[in-house]
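Trainee: Sequence and computational prediction follow.
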Amino acid sequence: MELLSYTKKGLFCKPGNFYIDPWQPVYKAVITHSHADHARWGMKSYLCHDFSVPILKSRISEDIQVESLTYGKSLDINGVKLSLHPAGHIIGSAQVRMEYKGYVAVVTGDYKIVDDGITTPFETVKCHELVTESTFGLPVFRWKSQNTIVTQMHEWVKNNQRNRKTSVFTAYSLGKAQRLINLLNGLGDIYVHSSIAQMNAAIELNGIHLPKTTVFQQDMDKKILAGQILIIPPAAMSPQLLKKIPGAVTAICSGWMQIRGNRRWQAADAGFAISDHADWDGLLTAVKASGAEKIMVTHGYTEPFARYLNELGMNAGVVQTRFGEETDGDQ
Ligand SMILES: [Zn+2]
Ligand SMILES: [Zn+2]
């Protein structure tokens, strides 16, 4: 059954005549989540989870034509029954389930198994064919529990506070930033870059309440930042900016921090391996739980992960996509 085909424009559902996270302009795009490598400009129409609507509009344009679905509700598109299910990656992230003539395919988009406390937790969706990401599809990537990492982060911030230093976190504006705001809430005043404030505002339009933050201004009196927390996206982080902040100490929060010699690690004072993607065990758990008889691996360490699944006796292949091209969110 050819429910999904893998085309130059993206993952295509032929009977439904729609694409999933296409990288070229198409008529109908189903969007798993609002990171830039999945939600691109130029689609005639978008379909996504309710929570992604204000985020997509804020990131792409207020004028896009967008339809939305809540988790678990289905829609008939040319005889294909389509529904969205929580992927646990960022707010509004969804797995796309398609059913046609009794055959079920699921595209996970980006996902994590761990409940981060702010995103609707991942749900297993049974299927015949699974398209899974594999950003961290190597056995070296095994996350410690969120509680363990958060304890380390809190200790780091408290130590900086004792020394009147500013704890500067690098985090992507959508996803990681909100997770950090939630996890660091109560430790001190949290200042955020304007691009993060913009994402917070879009998320709050869904009725989701985020802890209080203050927008970081280039011309603000930097002395008030002493002992406080500042969150800046990687694109806005620079040595010039850090120089203006008295006693700035920096931390990167990313799955890549699992590898100590990492170039990104060396650029910061601290690194915390906290990721919005599934680790090796999480990927395996999700693939096995799906019960899929055909698995297509994309986005990350595709070859080693697919090879391992085949060694386990599963039927896995690799599909080339353009996910992960922008590093936005792939942490
Ligand atoms: Zn991605
Ligand atoms: Zn993502």
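Mentor: Yep, that arrived. Numbers count the residues shown, from 1 in each chain. Ligands and ions are numbered 1, 2, ... in the order given.
Trainee: Against K57, how distant is D63?
Mentor: For D63, the distance to K57 equals 8 Å [Cβ to Cβ, to the nearest Å]. From N, CA and C alone the C-beta is placed, and that goes for glycine too.
Trainee: which of the two has more neighbours?
Mentor: Per other Cβ atoms under 10 Å, whichever of D63 and K57 has more neighbours is K57, with 17 against 7.
Trainee: Just the residues contacting the particular helix or strand that has the more buried one in it, thanks.
Mentor: Assigned by DSSP states H and E, K57 falls within helix 52-59. If you take Cβ atoms under 8 Å, 6 or more residues apart in numbering as the criterion, helix 52-59 is touched by 31, 33-34, 36, 39, 46, 48, 64, 66, 68, 91-94, 174, 198-199, 201-203, 205-206.
Trainee: Now go through the residues you listed and say which are in strands.
Mentor: Among the contacts of helix 52-59, DSSP state E puts 46, 48, 66, 68, 94 in strands.
Trainee: My guess is the last one contacts P86. True?
Mentor: Yes. Using Cβ atoms under 8 Å, A94 is in contact with P86, at 6.8 Å.
Trainee: For the nearest residue to E303 once chain neighbours are set aside, grab phi and psi.
Mentor: Once flanking residues are discounted, E303 sits nearest to V318: 6.0 Å by Cβ to Cβ, 6 or more residues apart in numbering. With angles defined as degrees, to the nearest 10, V318 sits at phi -110, psi 140.
Trainee: now do H154
Mentor: Per-residue torsions, H154: phi -60, psi -40 (degrees, to the nearest 10).
Trainee: The nearest residue to it once chain neighbours are set aside and ligand 2, how far apart?
Mentor: In space, H154 comes closest to L187 once its chain neighbours are excluded; the distance is 6.3 Å by Cβ to Cβ, 6+ apart. Going from L187 to ligand 2 by Cβ to the ion, to the nearest Å gives 26 Å.
Trainee: Identify the residues contacting L187.
Mentor: Per Cβ under 8 Å, 6+ apart, neighbours of L187: 154, 157-158, 161, 229.
Trainee: What does the pLDDT read for the residue nearest to E303?
Mentor: With respect to pLDDT, V318 scores 94.
Trainee: Now do the contacts for it.
Mentor: V318 makes contact with 296-298, 302-303, 306, according to Cβ under 8 Å, 6+ apart.
Trainee: returning to that earlier point: show me which of the contacts of L187 is closest to ligand 2.
Mentor: Of all these, ligand 2 sits closest to I229, with 23.8 Å by Cβ to the ion.
Trainee: quick one: the nearest residue in space to Y27 that is not next to it in sequence from ligand 2, how far?
Mentor: Distances taken as Cβ to Cβ, 6+ apart put K44 closest to Y27, at 4.7 Å, once the chain neighbours are dropped. To ligand 2, K44 is 23 Å away according to Cβ to the ion.
Trainee: Contacts only, for K44.
Mentor: 25-28, 65.
Trainee: How about I181?
Mentor: Contact analysis of I181 by Cβ under 8 Å, 6+ apart lists 190, 192, 200, 210-211, 213, 231.
Trainee: go with 10 Å
Mentor: If you count contacts by Cβ atoms under 10 Å, 6 or more residues apart in numbering, I181 has them with 118, 169, 171, 190, 192, 196, 200, 210-213, 229, 231.
Trainee: Quick check: L4 touching E129?
Mentor: Yes. At 6.6 Å, L4 counts as touching E129 under the criterion of Cβ atoms under 10 Å.
Trainee: Find residues that contact each of those two.
Mentor: Common contacts of L4 and E129, defined by Cβ under 10 Å, 6+ apart, comprise 98, 103, 105-107, 294, 296.
Trainee: Just the buried residues from those residues, in ChimeraX please.
Mentor: Those of these that count as buried under 16 or more other Cβ atoms under 10 Å are selected in ChimeraX with:
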select :98,105,106,107,294,296
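Trainee: Looking at the shared contacts of L4 and E129, which one is closest to F122?
Mentor: Closest to F122 out of the shared contacts of L4 and E129 is V106 (12.1 Å), distances taken as Cβ to Cβ.
Trainee: Surely the closest one touches L11?
Mentor: No. If you go by Cβ under 10 Å, V106 and L11 don't touch, sitting 11.4 Å apart.
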